[in-house]
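Chemist: Sequence and predicted structure, then a few things I'm wondering about:
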Amino acid sequence: YATSSYYSWLILNFGSYCYFSEKEMLLLLNFISVFAALKSTKQQRLRQALLRRNCAVGNQSLDNLNDSDLKNFIVDDKHGIIYCYIPKVACTNWKRTLIALNYSEPYPDPMSFKHNWVHQFERFQHLNDFPKRFDVYLFVLQAKLKHYTKFLFVRDPFVRLISAYRDKMLNYDQYFYEGYVRLILLLYEKQTNITYNHEVAKKQGLQPSFYEFIQYILDPQTEKKEPFEPHWRQMYRLCHPCFIEYDFIGHQESLQEDAQELLKILKLENAIKFPSSYENMTSVDSVMDWFQSVPLEYRRKLYRLYEKDFKLFGYRRPTELLDD
């Protein structure tokens, strides 16, 4: 079948050689738009069907969710939106966009809001902020979940882990140094007398290896103390896709196209522009490079730990990392 990108290329490259009347050009452009919409709608149906199929096992009910399970759900009553954010999956730019939408039109440029500022929890209303009297709370919760447009964006689970390592283990602040980096160095490098100050640590070149980070995640003791830090917690545990029926499931790998489609669904495509992403998308070869230092046994354990994310969101099993 011809694709919309092919027709776009045809127009751009053969416009000087082929004669299109204005009417024909409009019809062709309309076809491209409709084709892209149908293709995109089909993709959303496939993503949602995959979720339903993989969630079919077990008793899934909102009653199983507690207050802390709803921390990652941002509510925008003005536009009827619920966004479940997943760290390391474009959440900074989606938060910027949602903040901009809370201003009057014309909306400000989302990029005008600073990175650290948009991550302050109190900037948003969350799904667990509503009255806690159980009958009222459940009524409000169910009404919003039924009538609002609910969306999330996901990412290849191993690529997300690499991104979390680079951001929080190599480019750490005091919080991540004190809570995680220093602990990993003590546990797996057996270092002693390590500074408590992250700036001193950076000057000394202190940083855990990727393998040590994976060891920490796989260590049974890690989650005995507290749940995984959200930057490496499984995506399904943050957004509960088997309890909540999402209207839109975006992928980091097709971020700009998916973001544009979502804004169209929300009838906001002409009112605001989702920021361009400049993050270097990690290739299969690059993932292989990162995991070279991780023994096969640990890779397989790691896959089992994140297997539900792979299956629920349609990411292939990375055989090149897991098979002999």
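Modeler: Looks like it arrived, so ask away.
Chemist: Looks like residue 207 contacts residue 171 (just checking).
Modeler: No - in this structure residue 207 lies outside contact range of residue 171 using Cβ atoms under 8 Å: 9.3 Å. Using the backbone N, CA and C atoms, a C-beta is placed for each residue, glycine as well.
Chemist: Settle it for me: which of those two has more neighbours?
Modeler: residue 207 (19 against 11; other Cβ atoms under 10 Å).
Chemist: Chain neighbours aside, what residue packs nearest to residue 197?
Modeler: Excluding its sequence neighbours, the residue lying closest to residue 197 (Cβ to Cβ, 6 or more residues apart in numbering) is residue 174, at 7.6 Å.
Chemist: I'd like to know how many residues surround that neighbour.
Modeler: Residue 174: 12 neighbours (other Cβ under 10 Å).
Chemist: for it, phi and psi?
Modeler: With angles defined as degrees, to the nearest 10, residue 174 sits at phi -60, psi -40.
Chemist: ditto for residue 152
Modeler: phi -150, psi 160.
Chemist: Skipping adjacent residues, who's closest to it in space?
Modeler: residue 84 (4.3 Å).
Chemist: just to revisit the earlier point, isn't the residue nearest to residue 197 right next to residue 198, touching?
Modeler: Yes - using Cβ under 8 Å, residue 174 is in contact with residue 198, at 4.6 Å.
Chemist: all strands in this structure, in order from the N-terminus.
Modeler: Ranges of strands within the chain are 73-76, 81-84, 125-126, 149-154, 248-251, based on DSSP state E.
Chemist: Out of those, flag the one nearest residue 305.
Modeler: Residue 305 lies closest to strand 149-154 among the strands of the chain, at 16.3 Å (Cβ to Cβ).
Chemist: Tell me the spacing between residue 269 and residue 92.
Modeler: Remark: distance between residue 269 and residue 92 (Cβ to Cβ, to the nearest Å) = 21 Å.
Chemist: between those two, who's got more neighbours?
Modeler: Using other Cβ under 10 Å as the criterion, residue 269 and residue 92 rank with residue 92 on top: 20 against 15.
Chemist: picking up where we left off before, ok, the residue nearest to residue 197 to residue 256 distance?
Modeler: 34 Å.
Chemist: One more: residue 194?
Modeler: 42 Å.
Chemist: who has more neighbours, these two?
Modeler: Set side by side, residue 194 and residue 256 show more neighbours around residue 194, with 16 against 12, by other Cβ under 10 Å.
Chemist: what's near enough to touch residue 300?
Modeler: Contacts for residue 300 (Cβ atoms under 8 Å, 6 or more residues apart in numbering) come out as residue 322.
Chemist: And for the one 10 residues further on?
Modeler: Shown here is residue 310, whose contacts under the criterion Cβ under 8 Å, 6+ apart are 157, 303, 316-317.
Chemist: Next: residue 94.
Modeler: 83, 85, 153, 274.
Chemist: List the contacts of stretch 137-155.
Modeler: 62, 75, 80-86, 88-91, 94, 127, 130-131, 163, 235, 239, 241, 244-253, 255, 258, 262, 265-266, 309, 313.
Chemist: same thing with stretch 78-85?
Modeler: Taking Cβ under 8 Å, 6+ apart as the rule, stretch 78-85 contacts 72-76, 91, 94-95, 98, 101-102, 127, 144-145, 147-152, 238-240, 244, 246, 266, 268.
Chemist: can you pull the contacts of residue 273?
Modeler: 109-110.
Chemist: mind checking how far it is from residue 217?
Modeler: In terms of Cβ to Cβ, residue 273 sits 36 Å off from residue 217.
Chemist: So which residue is smack in the middle of this structure?
Modeler: Centre of the chain computed as the mean C-alpha position; nearest residue by Cα atoms, centre = their mean is residue 89, 2.9 Å away.
Chemist: quick one, what contacts that residue?
Modeler: Residue 89 neighbours (Cβ under 8 Å, 6+ apart): 153-155, 160, 235, 252.
Chemist: so where's this structure shaky on pLDDT?
Modeler: 1-40, 57-61, 131-134, 278-284 (pLDDT under 70).
Chemist: Domain map for it?
Modeler: 4-55, 67-155+245-265, 158-232+284-322 (automatic domain parsing).
Chemist: Could you report the neighbour count for residue 99?
Modeler: For residue 99, using other Cβ under 10 Å, the count is 20.
Chemist: My error: substitute residue 304 in the last question.
Modeler: Residue 304 has 11 nearby residues by other Cβ under 10 Å.
Chemist: what does stretch 212-227 rub up against?
Modeler: 161, 165, 169, 180, 183-185, 187-189, 208, 228, 232-233, 237, 294, 298, 301-302, 305.
Chemist: Span of it from start to end?
Modeler: Terminal residues of stretch 212-227 are spaced 18 Å apart (Cα to Cα, to the nearest Å).
Chemist: ok so, going back, figure out which of the strands of the chain is closest to residue 47.
Modeler: Closest approach to residue 47 among the strands of the chain (Cβ to Cβ): strand 248-251, 4.4 Å.
Chemist: How far off centre is that closest one?
Modeler: Averaging C-alpha positions (Cα atoms, centre = their mean, to the nearest Å) puts strand 248-251 9 Å from its chain's average.
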